[in-house]
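[1] After the sequence you'll find the predicted model.
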There are 2 protein chains.
Amino acid sequence: MPRAKSEKRENLVSTAMLHFWRHGYEATSVDDLVRATGVSRQGIYGDAGGKDALFVQCLHAYVEAVVTPAFARVERNGAMLDAVADYFEHQIARGQEAGLPGPGCLLTNTMTEVAPHRNEIMHIVARHNERLRQGFAAAITNTATAAGRTLDRRECYALATTLVVFANGLWTMSRTVDDAAVLRGAVLKMLQLTNSRIAA
Amino acid sequence: MPRAKSEKRENLVSTAMLHFWRHGYEATSVDDLVRATGVSRQGIYGDAGGKDALFVQCLHAYVEAVVTPAFARVERNGAMLDAVADYFEHQIARGQEAGLPGPGCLLTNTMTEVAPHRNEIMHIVARHNERLRQGFAAAITNTATAAGRTLDRRECYALATTLVVFANGLWTMSRTVDDAAVLRGAVLKMLQLTNSRIAA
DNA sequence: CACGTAGCAGAACAAACGTTCTATTACAAG
DNA sequence: CTTGTAATAGAACGTTTGTTCTGCTACGTG
């Protein structure tokens, strides 16, 4: 009878993800992964299919384990801009716990480092950005509706896109900024601006 | 009598910069640099002091050759938000010429890839971000003054910081987005938001 | 206990890495 | 032409890379 998978093997992807997240793709060697995960080379090549394939699995794991929970409130029916604020705050607090300057966002890091050279990965990050945009757009629409106003679709799209750009900038900055107050201040101001556009 | 330096040697840093800009630090090998610049290994090690030292020189060259000209209008006395719009437009157009998705901004790329692991480089990008912030802050103040309004220093700082975050997000996005209109739309909206905050 | 497989440590490999060295070429000044 | 130096090509070095292969160990099942 076959044996059950070990705990280390189960956590291979999630542990490797942490390493890629903080150090990037190129700067993470297979030796680093072996040391960090406690899984042998055989395990990494047999189970995951090598470094490249493992990285792709890590991106998906990141979306599921980090993005989806953090973004859940924004994606709830009827979510408004305060849910967006929660999303940003949630991620800033996480970075603060890990110690600023922190790892930022794995997908944002990937956008600059590897996406331009690998089509499959380009699509993963594009899908993520589109997801953010849709969530932001819904929150903006709902906030406007709650305020008794209507925003035309174009305007709503433009505001949401601007928030996506801002979000990627925020996670980029969080890799070099050591003061969480700077990040929180920028978020607060960005959402104030968005809010007053809706209200006005 | 000593000979004059060759043209290739003169352009070593600026040509290497282009390569680092598009491909990143880790993914650029010394062989790549030799091929791209036409300068021998001896030249790269003798003149520039190796890969790391060359990279630092490239960052400085980028600031001088790309950032300073593009940002000059913003840094002129009395510059207003339209100068900021020009800065963004200038860089977007450059990316468009090079073919989108483009190289983005070397300093933004460096923020995610190498700055967290090298103190000297961390300082270079921090200084750059501070420079942007000061330029943006002055433009915001001037725009307010021209509109007959005054913004308190805190508010001005917060708006400028938000623009810096946005800028980094924009260059990050430009590495995966193939439609310049998306970038232009985000810039337009961001500046509209900033403008209406000043006017209101 | 014995069997079979999951999993590991570690050797082995070719390729690529950053770096250094040697030999040769190209050119300007005397 | 001779001399001196800038510059290159290319071999060489020791690491490190990603990947594969070979034993050995550990453990659940029969």
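    Nice, thanks for sending it over. Because the structure is a prediction, the values reported are computed rather than measured.
[2] For the closest residue in space to residue A:30 that isn't next to it in sequence, which residues are in contact?
    Excluding the flanking residues, the one nearest residue A:30 by C-beta to C-beta, 6 or more residues apart in numbering or on different chains is residue A:51, at 5.7 Å. Glycine gets a C-beta too; all of them are placed from N, C-alpha and C. Neighbour list for residue A:51: A:30, A:33, A:44 [criterion: C-beta atoms under 8 Å, 6 or more residues apart in numbering or on different chains].
[3] For chain A, just list every one of the strands.
    With DSSP state E as the criterion, chain A has no strands.
[4] Most proximal residue of it with respect to chain B?
    residue A:169 (2.7 Å; C-beta to the nearest C-beta).
[5] Give me the neighbour count for that residue.
    When neighbours are defined as other C-beta atoms under 10 Å in any protein chain shown, residue A:169 has 27 of them.
[6] Do you know the pLDDT at it?
    Looking at residue A:169, its pLDDT stands at 98.
[7] Would you mark the buried spots in the lengthiest helix in chain A?
    For chain A, the helix with the greatest residue count under DSSP state H is helix A:119-146. Neighbour-count burial for helix A:119-146 flags A:121-122, A:124-125, A:128-129, A:131-133, A:135-144 (criterion: 16 or more other C-beta atoms under 10 Å in any protein chain shown).
[8] Same check on stretch A:25-37?
    So for stretch A:25-37, counting by 16+ other C-beta under 10 Å, buried means A:25, A:27, A:28, A:33, A:37.
[9] Keep the residues you listed, but drop any that are not near chain B.
    Contacts with chain B within those, counted by C-beta under 8 Å from any C-beta of the partner chain: residue A:27.
[10] is it possible to export the buried residues of stretch A:25-37 to TSV including pLDDT?
    Listed next are the buried residues of stretch A:25-37 as TSV, based on pLDDT from 0 to 100:
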residue	pLDDT
A:25	97
A:27	95
A:28	97
A:33	97
A:37	94
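[11] mind putting the buried residues of stretch A:25-37 in CSV, distance to residue A:15 included?
    Formatted as CSV, the buried residues of stretch A:25-37 follow (distance: C-beta to C-beta, whole Å):
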residue, distance to residue A:15
A:25, 16
A:27, 17
A:28, 12
A:33, 8
A:37, 4
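[12] Just the closest of the buried residues of stretch A:25-37 to residue B:12, please.
    residue A:27 (24.9 Å; C-beta to C-beta).
[13] pretty sure the closest one is touching residue B:27, no?
    No. Residue A:27 is not in contact with residue B:27 according to C-beta atoms under 8 Å; the separation is 10.4 Å.
[14] pull the CA atoms of the lowest-mean-pLDDT helix or strand in chain A into CSV?
    In chain A, no helix or strand scores lower on mean pLDDT, DSSP states H and E than helix A:7-10, which sits at a mean of 80. C-alpha atoms of helix A:7-10 as CSV (Å, rounded to 0.1, in the frame of the first residue of the first chain):
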residue,chain,number,x,y,z
GLU,A,7,4.1,17.2,5.7
LYS,A,8,7.1,18.8,4.1
ARG,A,9,6.0,17.6,0.7
GLU,A,10,2.5,19.0,1.3
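[15] pLDDT below threshold where in chain A?
    A:1-5 (pLDDT under 70).
[16] now with 50?
    A:1 (pLDDT under 50).
[17] Do you have the helices of it handy? List them.
    So, for chain A - with DSSP H - the helices run A:7-10, A:12-23, A:30-37, A:41-43, A:51-62, A:68-75, A:81-98, A:106-113, A:119-146, A:153-173, A:180-199.
[18] Go through these and pick out the most buried.
    Greatest average neighbour count among the helices of chain A goes to helix A:106-113 (a mean of 26), per mean count of other C-beta atoms under 10 Å in any protein chain shown.
[19] give me every residue that touches the residue nearest to residue A:169 when sequence neighbours are not counted.
    Residue nearest to residue A:169 in three dimensions, not counting chain neighbours: residue B:169, with 2.7 Å by C-beta to C-beta, 6+ apart. The contact partners of residue B:169, by C-beta under 8 Å, 6+ apart, come to A:164, A:165, A:166, A:167, A:168, A:169, A:170, A:172.
[20] Swap in 7 Å and give it another go.
    A:165, A:166, A:167, A:168, A:169, A:172 (C-beta atoms under 7 Å, 6 or more residues apart in numbering or on different chains).
[21] same question, residue A:102
    Taking C-beta under 7 Å, 6+ apart, one finds A:95, A:174, A:175 in contact with residue A:102.
[22] Can you tell me which of those comes closest to DNA strand C?
    residue A:175 (21.7 Å; C-beta to the nearest atom of the strand).
[23] how near is that closest one to residue A:60?
    From residue A:175 across to residue A:60, the span is 22 Å (C-beta to C-beta, to the nearest Å).
[24] and the end-to-end length of stretch A:146-161?
    Using C-alpha to C-alpha, to the nearest Å, the end-to-end distance of stretch A:146-161 comes to 21 Å.
[25] So what touches that stretch?
    Contacts of stretch A:146-161 (C-beta under 7 Å, 6+ apart): A:80, A:133, A:136-137, A:140-141, A:144, A:194, A:197-199, B:182, B:185-186, B:189.
[26] With that, I have no additional questions.
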